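> predicted structure and sequence below. I'll ask about it afterward.
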Amino acid sequence: MNMKTLVSTALLLGVAVQGSVFAASSKEEAIKKGYEHYKIFCINCHGKNADGKGPLAASLKITPADLTLLKQSDPDTCIAERVLKAVSGVHDNMQTKANMPTFSGNLESITIYELTQFLKAIQKD
């Protein structure tokens, strides 16, 4: 599946289930759950402050992104699209054009949505 198809499918899926699954939890609840997912999947590389300074960061070939600056670093791309690309292993790291590990096989759509809500909530202006 190419990236355009992947993003289109995800966006359509989001629209199709937004009224059912996603609406079942409040935005605050989604942010809270997103943080719980973040602690499981992201914190070791991106750090407890999402600043790219996790305990494994120094041992990686690729410097993890500061996830609090997503809105600033690429204002033309929505955060949801960036998260989907990143967890699917098709997101280029801005420094090296290398991909981070693929997590999409382990994440349900609701998990990606909740991670996105958490990351939107921690953006610096």
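Sure, I can see it. Numbering: from 1, shown residues only.

> please name the nearest non-neighbouring residue to the residue most central in space within the chain.
The geometric centre of the chain, computed from its C-alpha atoms, lies nearest to Val83 (C-alpha atoms, centre = their mean), at 3.0 Å. Excluding its sequence neighbours, the residue lying closest to Val83 (C-beta to C-beta, 6 or more residues apart in numbering) is Thr116, at 4.8 Å. C-beta: built from backbone N, CA, C; applies to glycine.

> can you get me a residue count around that neighbour?
Neighbours of Thr116 under the rule other C-beta atoms under 10 Å: 23.

> now Glu28
Glu28: 10 surrounding residues under other C-beta under 10 Å.

> measure it to Gly34 for me?
Separation of Glu28 from Gly34 (C-beta to C-beta, to the nearest Å): 10 Å.

> extract the CA atoms of the helix or strand hosting the residue nearest to Val83 and return them as CSV.
Here Thr116 sits within helix 109-121, counting by DSSP states H and E. The C-alpha coordinates for helix 109-121 follow below in CSV (Å, rounded to 0.1, in the frame of the first residue of the first chain):
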residue,chain,number,x,y,z
SER,A,109,-6.8,3.2,15.0
ILE,A,110,-8.1,4.4,18.3
THR,A,111,-4.6,4.2,19.8
ILE,A,112,-3.2,6.4,17.0
TYR,A,113,-6.1,8.8,17.4
GLU,A,114,-5.4,9.1,21.2
LEU,A,115,-1.7,9.5,20.7
THR,A,116,-2.4,12.3,18.2
GLN,A,117,-4.7,14.0,20.7
PHE,A,118,-2.0,13.9,23.3
LEU,A,119,0.6,15.3,20.9
LYS,A,120,-1.7,18.1,19.9
ALA,A,121,-2.2,18.9,23.5
